[in-house]
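Trainee: Predicted model and sequence below, questions to follow.
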Amino acid sequence: MVARYTDGVVGRDFLNWSRTHVFWRGALLLFAATIAIAVFARGRASPAPPTRVAIRVMCADAATCSLVERVSLDVWSEEQGPGLPLDVVVTRDGLAELAAAGIHWDVLVADIDAVARAEHARLAQPVAARPADWFAEYRDYTAISGHLRELAELAPDRASMHPIGATLEGRPIWALRIGGATARTPMLVNGTQHAREWIASMVTTCVADRLVRDYDRDPKVRAFVDSTALWVVPVVNPDGYQYSWSSDRYWRKNRRDRFGVDLNRNFSVAWGGAGSSRSERSQTYRGAYAFSEPETAALRDLALRERITAHVDFHSYGQLVLYPWGHSNTAAPDRAKLAAIGDRMASAIFAQHGARYALQTGFDLYAASGIMTDWMYGAAGALSYTIELRPKGGAGFVLPPSEIRPTCDEGLAAVLALRGSIGN
Ligand SMILES: [Zn+2]
């Protein structure tokens, strides 16, 4: 074979072809190397986005608080006020600025994006690798809707599924109505006005699950279901919730236009007041007008139609039980009653696993205007509470899934305590 190629025309042609081939192969390699170097250099020229750190500051005065907020990329604390920590997200440059101002902080999460990536990787595992217990892992809107449907099919005599509205992206906002034939007292429990507060949708779904499944084995549950017409809306903000699953784990608002509206600033009692923003980019953007958003309008219509008398709005995080007013520190007309019932709810929560949820009301300097509980109390006439679920600080919104069940015990205990405090 070798002789054949070194002799005659065929051999010369091959030699020529071979030289040409080597030339072009060399040129190709050089070209590829140039591209690789260019890409590498470009990669080095535009550095990765800065690390985002979640920190906690106990700011002693308003000036310190506002400096911290000015430096921050995002404020995680839902409630702010004297004695409450201020949790914010900052870059390392922001930390340097705080250090220069002599401000002390504790790191909650050293790299919030790394934590979100780890959670995303865990959730991307094949279904077969996931735990059998439905509440041992977080679930998206589609899975939660399916679970509510299952509950309605399981006990059609005391559970039914209803769309109470539709979002801007066309998703139904689902409610499960739980209550036997004799049920009278109308109550509402909802979660996830704020997209990133995943524990709120899990706890709300879990409360519904326990009330439907434990009817025959738990006398307290049976008494509740027989006497209460409970409306459960686990995902008030499906568009934002799905966006927090697909694109931005720390998304808070709905998906109106580019920046979204903070639904919990879009209710009409004290709409537009302190603690809400007119700027679209703000995390507390209140919308163009009260009830401008389909999600808040749906809750309003449901509450008025059903004449809701008691209400819990689940959020995370901070472990707090809050009652009206949120927009001012003026005492609500029923303040003593609201506080007494709230105290019973916090005690019932503590009795579950020993977790302390502090009882609070609104603060003059750190108001939140246009919130749901103020509207439910002030306009719909319901005894209304905001509960900030676990954790107290820790991982913030990315709570380990092993805490879903215990947090659900706390949520259910609070709802039963509220029901037990209001008579028929
Ligand atoms: Zn919230």
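Mentor: Arrived safely.

Trainee: close enough to count as contact, V269 and A367?
Mentor: No: in this structure, V269 is not within contact of A367 by CB atoms under 8 Å, at 12.0 Å. Glycine gets a C-beta too; all of them are placed from N, C-alpha and C.

Trainee: Mind listing the shared neighbours of those two?
Mentor: Residues touching both V269 and A367 (CB atoms under 8 Å, 6 or more residues apart in numbering) are H327.

Trainee: Who are the contact partners of the closest residue to the ion within the stretch 201-350 of the chain?
Mentor: Each residue of the stretch 201-350 of the chain has a distance to the ion, by CB to the ion, and the smallest belongs to H315, at 3.4 Å. Residues in contact with H315 (CB under 8 Å, 6+ apart) are 78, 191, 193-194, 197, 200, 264, 386-389.

Trainee: Which one of these is nearest to the ion?
Mentor: Among the contacts of H315, and counting by CB to the ion, the member closest to the ion is H194, at 3.5 Å.

Trainee: what does the model give that closest one for pLDDT?
Mentor: According to the predicted model, the pLDDT of H194 comes to 98.

Trainee: So what's the residue count around it?
Mentor: For H194, the neighbour count with other CB atoms under 10 Å is 25.

Trainee: Tell me the buried residues in stretch 247-262?
Mentor: Within stretch 247-262, the residues that count as buried by 16 or more other CB atoms under 10 Å are 249-256, 260-262.

Trainee: ugh, wrong one, stretch 314-330
Mentor: Using 16+ other CB under 10 Å as the burial criterion, the residues of stretch 314-330 that qualify are 314-328.

Trainee: Checking L230 next. Helix, strand or coil?
Mentor: Judged by DSSP: H, G, I helix; E, B strand; the rest coil, the three-state class of L230 is strand.

Trainee: The closest residue to T373 other than its chain neighbours sits in which helix or strand?
Mentor: Distance criterion CB to CB, 6 or more residues apart in numbering; nearest residue to T373, sequence neighbours excluded, is S384 at 4.2 Å. Following DSSP states H and E, one finds S384 within strand 383-389.

Trainee: next one: A116
Mentor: Following DSSP H and E, one finds A116 within helix 112-123.

Trainee: Can I get that helix in PDB, CA atoms only?
Mentor: Only the C-alpha atoms of helix 112-123 are listed here, as PDB (Å, rounded to 0.1, in the frame of the first residue of the first chain):
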ATOM      1  CA  ILE A 112     -28.300  34.600  47.400                       C
ATOM      2  CA  ASP A 113     -28.000  33.500  43.700                       C
ATOM      3  CA  ALA A 114     -25.900  30.400  44.700                       C
ATOM      4  CA  VAL A 115     -28.700  29.400  47.100                       C
ATOM      5  CA  ALA A 116     -31.300  29.900  44.400                       C
ATOM      6  CA  ARG A 117     -29.300  27.800  41.900                       C
ATOM      7  CA  ALA A 118     -28.900  25.000  44.400                       C
ATOM      8  CA  GLU A 119     -32.700  25.000  45.000                       C
ATOM      9  CA  HIS A 120     -33.300  25.000  41.300                       C
ATOM     10  CA  ALA A 121     -31.000  22.100  40.800                       C
ATOM     11  CA  ARG A 122     -32.800  20.100  43.600                       C
ATOM     12  CA  LEU A 123     -36.200  20.900  42.000                       C
END
